[in-house]
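Undergrad: Sequence and predicted structure below; questions after.
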Amino acid sequence: MPPRCSGAATVEHVGLVALIALAFAATLAALAAGGAPPRPAAELAQAIQRHIRCPAALPGPCWRDPLAAAYGRPLAGAIRALAPAPAALPGPSGEPLVPVDFRDCRSASCAAPGPSPAHLTASGRRVTEFTSVDDRRRSGGGVEITYWLYRPGLGWSRALREASAAGVRALASTPLREDADPRLVPLETLAGRNHYDFAPGEEPPWRWRVASVYP
């Protein structure tokens, strides 16, 4: 008969359970006191979430910032640092609208700004801006970054930012957080971007004008 096997918890499992218990206790204490979870507890919860999602047995990171994948880490930091604040603008009926991801929001009802957190709309969508880059550093120039903002009923607007090679290096270490406001989506790596249908007056100015990048 084959030898009997009994389960045994690894050090990682025991440590993970302890961390979850600690974060849960801190969150309960904060809620009982009528406040939000303290920042260390929130950061710990995010780290636990990433650890569960990214098990040590898998090679390499299981999540990589889309900006870093499309443009490289130094330029990604500059793009994040220079991103315009996603202001709300009056829509066709006068209601405020924030920029959203056109792939899952095409109506004013899902683009209304939410009270908190700032990076979510009232319907729980992520506030989103799309990016495209003209990088002329190899020829001695700088970088031109275009931020494309879509608001249902208003169509597209854009904001331009420029950075020198030295400016990119200075901003390269900007943190790239998953919950950063706004979410930034590189058009260069957006599959099928040129084939989406839009309502009259909402035709994207970038259609067929942004070269693809394959990370």
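TA: Nice, I can see it. Worth saying up front: this structure is predicted, and the values here are computed from it rather than measured. Numbers count the residues shown, from 1 in each chain.
Undergrad: CA only for contacts and neighbour counts going forward, please
TA: Noted.
Undergrad: Run through the helices of the protein in chain order.
TA: 11-32, 39-53, 66-71, 73-82, 165-171 (DSSP state H).
Undergrad: Which helix or strand in this structure has the lowest average pLDDT?
TA: helix 39-53 (a mean of 51; mean pLDDT, DSSP states H and E).
Undergrad: sorry, back to before: lowest mean pLDDT across the helices of the chain, which one is that?
TA: Looking at the helices of the chain, the lowest mean pLDDT belongs to helix 39-53 (a mean of 51).
Undergrad: residues touching Arg126, list them.
TA: Listed by CA atoms under 8 Å, 6 or more residues apart in numbering, the contact partners of Arg126 are 100-101, 119-120, 182-183.
Undergrad: meant to ask about Ala163
TA: Applying CA under 8 Å, 6+ apart, the residues contacting Ala163 are 78, 142-144.
Undergrad: same deal with Leu184?
TA: Each residue near Leu184 by CA under 8 Å, 6+ apart is listed here: 66-67, 80, 128-131.
Undergrad: go with 10 Å
TA: Leu184 makes contact with 65-67, 79-80, 83, 101, 126-131, 147-148, 178, according to CA atoms under 10 Å, 6 or more residues apart in numbering.
Undergrad: Can you tell me the closest non-neighbouring residue to it?
TA: Ranked by CA to CA, 6 or more residues apart in numbering and with sequence neighbours excluded, the top spatial neighbour of Leu184 is Glu129, at 5.0 Å.
Undergrad: Extract the residue ranges of the chain that are flagged as low pLDDT.
TA: For the chain, applying pLDDT under 70 flags the ranges 1-63, 117.
Undergrad: can you list the domain ranges for it.
TA: 11-53, 66-195 (automatic domain parsing).
Undergrad: hang on, Pro205 packs against Arg158?
TA: Yes - look at Pro205 against Arg158 with CA atoms under 10 Å: they come within range, at 9.4 Å.
Undergrad: sorry, back to before: could you dump the contacts of Ala163 to JSON lines with distance to Glu95 and neighbour count?
TA: Listed next are these as JSON lines, based on distance: CA to CA, whole Å; neighbours: other CA atoms under 10 Å:
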{"residue": "Ala78", "distance to Glu95": "32", "neighbour count": "25"}
{"residue": "Gly142", "distance to Glu95": "38", "neighbour count": "18"}
{"residue": "Val143", "distance to Glu95": "35", "neighbour count": "20"}
{"residue": "Glu144", "distance to Glu95": "32", "neighbour count": "17"}
